[in-house]
Structure formats: structure tokens, C-alpha cells
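Q: Quick one, what's the 3D model for this:
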Amino acid sequence: MNTVLLQAAGGSSMMSFLPMVLIIVVFYFFMIRPQMKKQKDHKKYIEELGVNSKVVTTAGIHGRIVEVSETTFLVDVGSGVRIRFDKSAIALDASKAANATEKSAS
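A: Below is the predicted model:
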């Protein structure tokens with residue numbers, strides 16, 4: 001009789017653990033995985049940038065890349081003003097939007 005009670009108690013503990021596992025799975029697919037994909041896309045975008053590419057920084061500064069080094073870009077922001085930015089300071093989404101706006105204005 002005692003073994004039946006122990007087996008029943010063991011089964012209910014597994015059922016109470018199941019919702020936690022489901023929450024972790026949902027969290028992974030809706031939060032972690034998309035963020036990893038976004039980081040991968042941003043890294044690929046940064047690697048593809050070259051001289052004369054139009055960019056927007058995370059601070060909202062628009063400019064054109066003049067020089068590319070291993071970890072930085074030299075960006076011409078107009079009137080001969082050049083600012084050196086770390087490669088991570090380039091915003092992926094804003095750069096695409098700026099390029100699309102300039103193409104539609106042409």
C-alpha cells in the first residue's frame with residue numbers, strides 16, 4: 001500500500017515540474033533565439049560595410065564611411081568633419097532606413 005502512495009506522489013511532482021519546463025521552452029523560442037539571430041545579422045552587416053557606405057550610428061549620427069580599420073570606422077558627417085566610431089556603434093535598422101529614404105528621394 002505504501003508503494004502505491006509513493007508512486008502517486010512521484011507522478012504528481014513530475015506534473016508540477018512540467019509547466020516550468022514549458023515556460024523555459026517558450027522563453028527560448030520567443031526571446032533568446034530571435035535575439036541571437038538579430039546579433040548574427042548585425043555582425044554580418046558590419047562585416048559587409050566598406051568605404052562610401054552610408055551609415056547611421058546608435059547615437060543617430062548620419063554619415064558616409066571614409067576609412068575602415070580592424071575595430072573602427074572613420075565616418076564623414078559632412079563639411080569635412082570626420083569622426084571615428086567603434087564598429088559596434090553602427091545601427092543596423094537605422095542604416096537600412098536611411099539608405100531606403102535616400103533611394104526614394106533620388
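Q: quick one, strands of this protein?
A: Secondary structure of the chain by DSSP state E: the strands cover 54-56, 62-68, 72-78, 81-86.
Q: Who does the last one pair with, and is each partner parallel or antiparallel?
A: Using DSSP bridges, the strands paired with strand 81-86 are strand 72-78 (antiparallel).
Q: Give me the contact list for the strand it pairs with.
A: Applying Cβ atoms under 8 Å, 6 or more residues apart in numbering, the external contacts of strand 72-78 come out as 49, 55, 57, 61-68, 82-87, 90. C-beta here means a position set from N, CA and C on the backbone, and glycine is covered the same way.
Q: Least confident secondary structure element in this structure?
A: helix 92-105 (a mean of 67; mean pLDDT, DSSP states H and E).
Q: Please list all residues in contact with residue 63.
A: So residue 63 contacts 54-55, 57, 75-78, 83 (Cβ under 8 Å, 6+ apart).
Q: What's the per-residue pLDDT of residue 33 here?
A: For residue 33, the model assigns a pLDDT of 93.
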